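Chemist: Pasting a predicted model and its sequence here:
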Protein chains: 2
Amino acid sequence: MGAVLTDLPNPPCPLRPEEVAVVAQVPLFAGLPAESLPAILSDARVVRHPRGRALFRQGDDARALHVLLEGQVGLTGSVEGGETVVEILDAGEAFIIAAVLTGKPFLMGATALTPCRVLELPREPLLNAIMGTPHLALSMLTSLARHFRMLVREVKALKLQTASQRLAAYLLGLTPRQRGSAILKLPHSKGVIARRIGVRAETLSRVFTSLRDQGVVVDGNTVAIVDLARLGRFCHQGADMD
Amino acid sequence: MGAVLTDLPNPPCPLRPEEVAVVAQVPLFAGLPAESLPAILSDARVVRHPRGRALFRQGDDARALHVLLEGQVGLTGSVEGGETVVEILDAGEAFIIAAVLTGKPFLMGATALTPCRVLELPREPLLNAIMGTPHLALSMLTSLARHFRMLVREVKALKLQTASQRLAAYLLGLTPRQRGSAILKLPHSKGVIARRIGVRAETLSRVFTSLRDQGVVVDGNTVAIVDLARLGRFCHQGADMD
DNA sequence: CCGCCGATTTGACCATCGTCAATCCCGACC
DNA sequence: GGTCGGGATTGACGATGGTCAAATCGGCGG
């Protein structure tokens, strides 16, 4: 995972009108009274990042709310040299709401997993907008609440489930289907998935092969699941191998 | 951990005037315009729970925001029979904000660790109050953000630190001091702490003795730490900021 | 003072997962 | 086609923490 080309901020652009229209579609702003958007976005800017670039680092001051317009971003936490992926974001999601609100340094860093485009909303105008726009406040609350619940799930999984079960749960999360079989593409490199699941890459590899017993077949970044319901049973129930 | 005496809801009381005054001191409501409080609290009620009682269970529908007025509450998550303590709350804290906002079932259950008194704010009036009271919205956002950041820390700790380091971090969190030595009382039973840390009770016991090498001495529920800075170094939370 | 019950501790043993190192695979680039 | 390099896999081994069982401690009612 080269975090090599991480510097050299490319020129941020102020918002162009057609971009405002796009931003209005983002869940966080959807349903907002149209006239309140311009005020919120007045100080915003859009930044592009190449793959591998660090958008910001753990410990930096949170000066702006970020909204991912395009691409994938990984939120990573590091302690004493080790690094883990706490969350992986797709287009449309707002991130680091918590750090911006508390005004404290980031607990996580952000890395562009693909080339991406990010909207940055400076803290001060944002807080004003929240106070003046109840609907925005509620949107941010529900957004934060959704991420909160993801983290709760993750804490429970880390404490109570094995690596195999966490991987199974992760795979199940990649498809909307609940029953029958599925064939899917892994949306990230296995190294990233490993840190997302909370294991080493070597362990992920072994866990994948051990899931063959549960009807999971891997080939490159393609995964075939024979019986989704069965896999679901595996990760919520029995710790026993069958 | 007997979850035995968990039924028989005791009679909930509507709010008495002197209780309103107390509630106004809670961080969530502090700084709120005085006249907006009564509306928020109109449908609220106060419920008492004996030690060990389940306030609600994982999977229940989230019908009301809870605010802990007095006592201690443990938020527990369970998967396939295993149970863990995700968070431990003290008086003054609001909990399950996320579930109430998303309107989805609880991901955690709540158990009274001590006899306690809880304020319950029904969902609908609360949402209205949020839309009508920007300051309340901001309070809830910052409260949720604070808990969010706790969870982020926990996820990082679970993925990157050993049980000894997590216990060390937990102990350090029990004292405001950063340097020198400290003697402190464990605020919960060791069984609860074990599940909070994410290990079995047996392991906690062993981890405690292994921390003797780091200048930690345990006697009953009293813990002596010879050198706080040294213990901090041991769990390398230089990256962990607050 | 005694006996009981739950919490805690200790020991023996084992499963899971991390570490280190070698190898393999596959696409980018000559 | 050949080679280079990073990701992925495999093997060997060890450490961390879980499991099961027994022993001990401690408070509390009789």
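Modeler: Everything's here; your move.
Chemist: Helix, strand, or coil at residue A:209?
Modeler: Using DSSP: H, G, I helix; E, B strand; the rest coil, the secondary structure recorded for residue A:209 is helix.
Chemist: tell me the contacts of it?
Modeler: For residue A:209, the contacting residues are residue A:218, by Cβ atoms under 8 Å, 6 or more residues apart in numbering or on different chains. Where C-beta positions appear, they are placed from N, C-alpha and C, glycine not excepted.
Chemist: Next: residue A:115.
Modeler: By Cβ under 8 Å, 6+ apart, the contact set of residue A:115 is A:48, A:49, A:50, A:51, A:71.
Chemist: In strands, which of the residues you listed appear?
Modeler: The strands, defined by DSSP state E, take in A:48, A:49 from the contacts of residue A:115.
Chemist: By neighbour count, sort out the buried ones in the contacts of residue A:115.
Modeler: Among the contacts of residue A:115, the ones that count as buried by 16 or more other Cβ atoms under 10 Å in any protein chain shown are A:48, A:49, A:71.
Chemist: Show me which of those residues is closest to residue A:117.
Modeler: residue A:48 (5.3 Å; Cβ to Cβ).
Chemist: is any part of the longest helix seen in chain A close to chain B?
Modeler: Counting residues, the longest helix in chain A under DSSP state H turns out to be helix A:134-160. Yes: Helix A:134-160 reaches chain B (Cβ under 8 Å from any Cβ of the partner chain) through A:134-135, A:137-138, A:140-142, A:144-149, A:151-160.
Chemist: Make a PyMOL selection of the buried ones in these.
Modeler: Restricted to buried positions by 16+ other Cβ under 10 Å, the PyMOL selection for those reads:
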select buried, chain A and resi 134+137+138+140+141+142+144+145+147+148+149+151+152+154+155+156+157+158+159+160
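Chemist: in chain A, which spans are helices?
Modeler: A:17-23, A:37-41, A:97-102, A:123-132, A:134-160, A:163-172, A:190-197, A:201-210, A:228-236.
Chemist: Rebuild those helices as a markdown table, extending it with mean pLDDT and distance to DNA strand D.
Modeler: What follows is the helices of chain A, written out as a markdown table (pLDDT from 0 to 100; distance: least, Cβ to the nearest atom of the strand, whole Å):
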| stretch | mean pLDDT | distance to DNA strand D |
| --- | --- | --- |
| helix A:17-23 | 78 | 31 |
| helix A:37-41 | 84 | 36 |
| helix A:97-102 | 96 | 27 |
| helix A:123-132 | 91 | 34 |
| helix A:134-160 | 95 | 8 |
| helix A:163-172 | 97 | 11 |
| helix A:190-197 | 97 | 3 |
| helix A:201-210 | 97 | 4 |
| helix A:228-236 | 92 | 15 |
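Chemist: Name the stretch among the ones you listed that sits most buried.
Modeler: helix A:97-102 (a mean of 24; mean count of other Cβ atoms under 10 Å in any protein chain shown).
Chemist: Other residues contacting that helix?
Modeler: Contact partners of helix A:97-102, identified using Cβ under 8 Å, 6+ apart, comprise A:62-65, A:105-107, A:123, A:126, A:140, A:143-144, A:147, B:141-142, B:144-146, B:148-149, B:152.
Chemist: Kindly report the residues of chain A close to DNA strand C.
Modeler: Contact residues, chain A versus DNA strand C (Cβ under 7 Å from any atom of the strand): A:162, A:163, A:164, A:198, A:199, A:200, A:202, A:203, A:207, A:220, A:241.
Chemist: how about those, which pair is most distant?
Modeler: Maximum distance among these (Cβ to Cβ): 25.9 Å, for A:220 and A:241.
Chemist: Contacts only, for the residue nearest to residue A:58 when sequence neighbours are not counted.
Modeler: Spatial nearest neighbour of residue A:58, excluding adjacent residues (Cβ to Cβ, 6 or more residues apart in numbering or on different chains): residue A:109 at 4.3 Å. Residues in contact with residue A:109, defined by Cβ under 8 Å, 6+ apart, are A:54, A:55, A:56, A:57, A:58, A:60, A:75, A:76, A:77, A:78.
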